[in-house]
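Enquirer: Provide a 3D model corresponding to the input given below.
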Amino acid sequence: MIVRAVVNEFAKLRRLRVVPVLAVMVIGVVVLSCVAFTAPGFMDSVDDPAAQPWQWLLGGMALAVPLVSPVLLAVLASRQVDIEHQGNGWLFSQTFGLTPGYLCRVKFAATGSLVAVATLVQSALVVVLGVLVGITVDFPAEQWLGYTASIVVVNLVLFALHLLLSARIPNQLVGLGTGVLGVFVTLSSIGMPSWLTHFFPPWGYYAVATPVDASGGGMVALDPPYLSLLVLGTVGGAVFLAATRMFDRQEA
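Expert: Below you'll find the model as predicted:
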């Protein structure tokens with residue numbers, strides 16, 4: 001049943017213009033990440049390891065992701081659920097044995113997979129553009145891959161949160177407003193001590209995942225607490241499952 005339900009959700013995605021929204025997210029992150037190309041002296045230092053061109057791009061992406069992702073993930077979740085609210089889709093799905101909680105889990109599986117792919121694509125595109133502009137210094141693969149994996153986790157947890165919020169509150173302006181508020185929380189978290197950002201999940205974890213920081217005209221490598229991000233993903237998944245099962249009991 002779940003395979004058929006996921007296939008049905010993918011069919012809905014074509015009508016909901018989900019891919020264009022994800023494309024906007026990818027393009028927005030890539031463009032803002034590559035603002036470093038316009039910095040004075042950047043193009044003259046693409047072959048200078050001391051100038052750390054890859055780290056500057058990574059730092060740009062660490063700022064671009066929290067600026068773009070929270071609002072667009074809220075939009076994605078809203079579009080997934082609003083169609084069910086407007087067309088009485090919750091009741092219609094129940095006639096086929098799909099409870100509201102089950103349907104939420106299916107929506108997360110379908111759209112969440114696209115969110116993960118989009119996050120990987122935006123990271124890869126920044127790398128490709130860095131190569132195209134002529135960066136020849138050693139690529140910090142471990143640092144880059146660690147940040148990319150961390151952002152996949154944070155994006156999925158945030159998407160799950162918005163999916164729950166949109167499912168329980170028919171007024172989708174609430175979810176969208178929360179997405180806008182999330183941008184301010186995220187940007188505020190960037191300037192907080194690392195221990196304090198842990199108290200603002202999931203938005204604060206964009207700052208927790210930050211792998212580099214500007215200091216003294218250069219970039220300093222940070223040591224992101226990957227265990228904290230793993231805990232976020234585990235707890236976020238458990239909360240999502242528990243909440244959707246509550247949806248099932250409430251609608252029974």
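Enquirer: strands of the chain, residue ranges please.
Expert: 212-215, 218-221 (DSSP state E).
Enquirer: surely residue 103 touches residue 84?
Expert: Yes - applying C-beta atoms under 8 Å, one finds residue 103 in contact with residue 84, separated by 7.3 Å. The C-beta positions use only the backbone N, C-alpha and C, and glycine is treated the same way.
Enquirer: how about the helices of the stretch 1-150 of the chain, start to end?
Expert: Listed in chain order, the helices found in the stretch 1-150 of the chain under DSSP state H, counting those that start in this stretch are 2-15, 18-33, 53-86, 89-94, 100-132, 141-168.
Enquirer: can you add mean pLDDT and give those back as CSV?
Expert: Rendered in CSV, the data for those read as follows (pLDDT from 0 to 100):
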stretch, mean pLDDT
helix 2-15, 70
helix 18-33, 94
helix 53-86, 90
helix 89-94, 65
helix 100-132, 93
helix 141-168, 95
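Enquirer: want to try CSV for those helices, with mean neighbour count as columns?
Expert: Formatted as CSV, these follow (neighbours: other C-beta atoms under 10 Å):
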stretch, mean neighbour count
helix 2-15, 14
helix 18-33, 18
helix 53-86, 22
helix 89-94, 15
helix 100-132, 20
helix 141-168, 21
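Enquirer: export those to JSON lines and append columns for distance to residue 245.
Expert: Shown next, in JSON lines, are the helices of the stretch 1-150 of the chain (distance: least, C-beta to C-beta, whole Å):
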{"stretch": "helix 2-15", "distance to residue 245": "15"}
{"stretch": "helix 18-33", "distance to residue 245": "25"}
{"stretch": "helix 53-86", "distance to residue 245": "17"}
{"stretch": "helix 89-94", "distance to residue 245": "15"}
{"stretch": "helix 100-132", "distance to residue 245": "5"}
{"stretch": "helix 141-168", "distance to residue 245": "12"}
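Enquirer: circling back: okay if I get the strands of the chain as CSV plus mean neighbour count and distance to residue 61?
Expert: Output for the strands of the chain, formatted as CSV (neighbours: other C-beta atoms under 10 Å; distance: least, C-beta to C-beta, whole Å):
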stretch, mean neighbour count, distance to residue 61
strand 212-215, 14, 10
strand 218-221, 14, 12
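Enquirer: tabulate these (JSON lines), appending distance to residue 80.
Expert: Below are those laid out as JSON lines (distance: least, C-beta to C-beta, whole Å):
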{"stretch": "strand 212-215", "distance to residue 80": "34"}
{"stretch": "strand 218-221", "distance to residue 80": "38"}
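Enquirer: including distance to residue 204 and mean pLDDT, could these go into JSON lines?
Expert: Output for the strands of the chain, formatted as JSON lines (distance: least, C-beta to C-beta, whole Å; pLDDT from 0 to 100):
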{"stretch": "strand 212-215", "distance to residue 204": "16", "mean pLDDT": "85"}
{"stretch": "strand 218-221", "distance to residue 204": "20", "mean pLDDT": "85"}
